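S.K.: here are the coordinates; sequence isn't available:
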């Protein structure tokens, strides 16, 4: 497939008139082409949210084949190169436009930015890969059938492109409108994200997963360089004074969720949005194809449920761990109501808790165990209007692809990984993020035993653990967790059995929202009961649950969702990368396969 992919996508002439030798004439043509790259690259809202669905924070049993060793090189059938050709074509021809030097530099920076994004995706998915910085001539067989370039080389080219974008993309106000265009600060933000990824990847992985061999001394040393570059990029954004954490103390019980459900975030929240996908009612640019409300409430999807082990990481409002209130592991027996009292205000803005309402407070909603098998049902992206709950309902909530909070926490993490996250750094970064959620900020001096356990006993630095806690909570359902887990070398977390809320007894009606009216039941005998959401489990010979839902103590305990499948999960070093597509290796004998595949 590499041969056909290269010939089809790296060499062909696009019949669309936007790609012709006559197209690039002026600033308007550069804007049109670059905007088309933005539209192509930006994910739809549902794809963005789904990025975290198969991670340790959620209880869904997707990626079954990959997590159960039923996935092989034949299942990875293609790797798309069409977007790279679009970018390289643009960079080769955009110089034809007659524009001022600063305009030319900005739009050239945009091209380098998108090439960097393309290769970041490739490195994260397959590691080492062929690097191309030009449109390939169809007669150039050496280029079409070249071997993979080393991961370290490709990463150096990514950084080179990002640096070019940071130095040349403009920070002028016209490029900051509605947080929708590529500009200097977008480039800096993605540079920070990539450099944190690669710096920590080199630290926590003993080997290059493409080769299975230890990093060279130079490659290992580059890890610190990437962390330094992350710090520099973050500092430049922080010192610009353009962005900040939106925090009105009187609105702390709602302002976090408002970032994801605001009627027009790209107009109202540009202080925090660095780059966002802009949906607009006036121009009928919406997410009708995937109504986000439908995905968040209708049981036919039933794909979104938080893992209780993750829910346990939310702090108390006084800044202390929830789990520290209990002896041993008795926190697993805490009731749902007990779990929700006095917690980080983001908990109730991320999942259904007692008292959750919609439609301006008119309608109460309890957690739905049929929809969310763990009991922890997301509300973070759920729009308030119930009249937009049908599958084709048009919603216009904007999607923040990268927020200022990430810059603060990336800066803190890069500093912490180098042993430099002082209390002053903490107070400038983690503190404002926590305080926005109503949580008292406490600079950590001792490690929380629960967080040590959560990260498999392999990390004991209290500051790093607390930054990881904060990152997980702040950015859940924002398409970051999968790569966080992989760069931290914590793949075992992806296959660890998931857990749900504590159920005191089966066959007993439950009042999960605490309003005095029963709303749910867990049963090994029934599949439905009038007025209740019934989660069917297996117990005492019952096999009603085809996916094997159980309770930890049989007729009571915390929910063990999808037990049948999750008992088969396993992790191995090779899974930090996907394989190079089998057909590509077959057609190009210069391509090698990732280690272990």
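M.R.: Thanks, I have the structure now. What you see is a predicted model, and the numbers here were worked out from it, not measured in a lab. Residues are numbered from 1 along each chain as shown.
S.K.: where along the stretch 351-500 of the chain do the helices fall?
M.R.: Counting by DSSP state H, counting those that start in this stretch, the stretch 351-500 of the chain has helices at residues 404-417, 423-436, 449-454, 462-474, 481-487, 492-495.
S.K.: buried residues in the last one, which are they?
M.R.: Think helix 492-495. Going by neighbour count (16 or more other C-beta atoms under 10 Å), the buried part of helix 492-495 is 493, 494, 495. Where C-beta positions appear, they are placed from N, C-alpha and C, glycine not excepted.
S.K.: list the contacts of the most centrally placed residue in the chain.
M.R.: Nearest to the geometric centre of the chain sits residue 479, at 1.5 Å (C-alpha atoms, centre = their mean). Neighbour list for residue 479: 43, 48, 49, 50, 51, 52 [criterion: C-beta atoms under 8 Å, 6 or more residues apart in numbering].
S.K.: coming back round to it: ranking the helices of the stretch 351-500 of the chain by mean neighbour count, which comes first?
M.R.: Here the criterion is mean neighbour count by mean count of other C-beta atoms under 10 Å, and of the helices of the stretch 351-500 of the chain the winner is helix 404-417, at a mean of 25.
S.K.: below-threshold pLDDT in this structure: ranges please.
M.R.: When residues are selected by pLDDT under 70, those of the chain lie in 1-22, 282-290.
S.K.: all the strands of it, in order from the start?
M.R.: Counting by DSSP state E, the chain has these strands, from start to end: 207-208, 213-214, 273-277, 357-358, 363-364, 399-403, 502-503, 509-510, 520-523, 533-536, 550-551, 557-560.
S.K.: now render the ones you listed as TSV, adding distance to residue 315.
M.R.: Output for these, formatted as TSV (distance: least, C-beta to C-beta, whole Å):
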stretch	distance to residue 315
strand 207-208	35
strand 213-214	38
strand 273-277	26
strand 357-358	24
strand 363-364	26
strand 399-403	20
strand 502-503	20
strand 509-510	26
strand 520-523	27
strand 533-536	28
strand 550-551	27
strand 557-560	20
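S.K.: domain assignment for this structure?
M.R.: With domains defined by automatic domain parsing, the chain comprises 1-41+77-169, 501-560.
S.K.: measure how far the first one is from the centre of its chain, please.
M.R.: In this case it means domain 1-41+77-169. In terms of C-alpha atoms, centre = their mean, to the nearest Å, the centre of domain 1-41+77-169 is found 24 Å from the chain centre.
S.K.: and what of stretch 551-560?
M.R.: Put simply, stretch 551-560 sits 30 Å off its chain's centre (C-alpha atoms, centre = their mean).
S.K.: between the two ends of that stretch, how far is it?
M.R.: The straight-line separation of the ends of stretch 551-560 (C-alpha to C-alpha, to the nearest Å) is 6 Å.
S.K.: residues in contact with it?
M.R.: Residues from elsewhere that reach stretch 551-560 (C-beta under 8 Å, 6+ apart): 308, 332, 373-375, 497-506, 522, 524, 535, 537, 539-540, 549-550, 566.
S.K.: now the buried members of those residues.
M.R.: Using 16+ other C-beta under 10 Å as the burial test, the contacts of stretch 551-560 include 308, 332, 373-375, 498-503, 506, 522, 524, 535, 537, 539, 549-550, 566 as buried.
S.K.: quick one, which of the helices of the stretch 351-500 of the chain is nearest to residue 579?
M.R.: When the helices of the stretch 351-500 of the chain are compared by C-beta to C-beta, helix 481-487 sits nearest residue 579, at 15.2 Å.
S.K.: elements contacting that closest one?
M.R.: With contacts taken as 3 or more C-beta pairs under 8 Å, 6 or more residues apart in numbering; DSSP states H and E, helix 481-487 sits against helix 184-204, helix 462-474.
S.K.: got the contact list for residue 405?
M.R.: Applying C-beta under 8 Å, 6+ apart, we find residue 405 in contact with 245, 272, 433, 474, 475.
S.K.: could the residues you listed go into a markdown table alongside distance to residue 349?
M.R.: Below are these laid out as a markdown table (distance: C-beta to C-beta, whole Å):
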| residue | distance to residue 349 |
| --- | --- |
| 245 | 15 |
| 272 | 15 |
| 433 | 14 |
| 474 | 11 |
| 475 | 13 |
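S.K.: looking at the residues you listed, which is nearest residue 212?
M.R.: The closest of the contacts of residue 405 to residue 212 turns out to be residue 475 (C-beta to C-beta; 30.8 Å).
S.K.: from residue 427, how far off is the closest one?
M.R.: Computed with C-beta to C-beta, to the nearest Å, the distance linking residue 475 and residue 427 is 21 Å.
S.K.: please apply the same query to residue 457.
M.R.: Per C-beta to C-beta, residue 457 is found 29 Å from residue 427.
S.K.: thinking again about what came up before, among the contacts of residue 405, which one sits closest to residue 36?
M.R.: The closest of these to residue 36 turns out to be residue 272 (C-beta to C-beta; 26.7 Å).
S.K.: test my guess that the closest one contacts residue 244.
M.R.: Yes. Between residue 272 and residue 244 a contact is recorded at 6.9 Å, counting by C-beta atoms under 8 Å.
S.K.: can you map out the helices along the stretch 201-350 of the chain?
M.R.: Along the stretch 201-350 of the chain, counting by DSSP H, counting those that start in this stretch, helices occupy 217-240, 255-261, 265-268, 292-297, 308-311, 336-340, 346-350.
S.K.: which of the strands of the chain sits closest to residue 139?
M.R.: With distances scored as C-beta to C-beta, the stretch of the strands of the chain nearest to residue 139 is strand 207-208 (33.3 Å).
S.K.: nearest residue to residue 401 other than its sequence neighbours?
M.R.: Spatial nearest neighbour of residue 401, chain neighbours left out: residue 275 (4.8 Å); criterion: C-beta to C-beta, 6 or more residues apart in numbering.
S.K.: actually residue 67, not the one I wrote
M.R.: Among residues not flanking residue 67 along the chain, residue 569 sits closest, at 4.4 Å (C-beta to C-beta, 6+ apart).
S.K.: mind listing what that neighbour touches?
M.R.: Residues near residue 569 by C-beta under 8 Å, 6+ apart: 67, 68, 495, 497.
S.K.: same question for residue 594.
M.R.: 126, 127, 128, 209, 210, 574, 577, 578, 579, 580.
S.K.: hang on, the third one packs against residue 155?
M.R.: No. Checked against C-beta under 8 Å, the pair residue 128 and residue 155 is beyond contact range at 9.8 Å.
S.K.: shared neighbours of the two, which are they?
M.R.: Applying C-beta under 8 Å, 6+ apart, one finds that no residue jointly contacts residue 128 and residue 155.
S.K.: sorry, back to before: need the helices of the stretch 351-500 of the chain in TSV with distance to residue 189, can you?
M.R.: As requested, those are exported to TSV (distance: least, C-beta to C-beta, whole Å):
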stretch	distance to residue 189
helix 404-417	6
helix 423-436	15
helix 449-454	27
helix 462-474	15
helix 481-487	15
helix 492-495	26
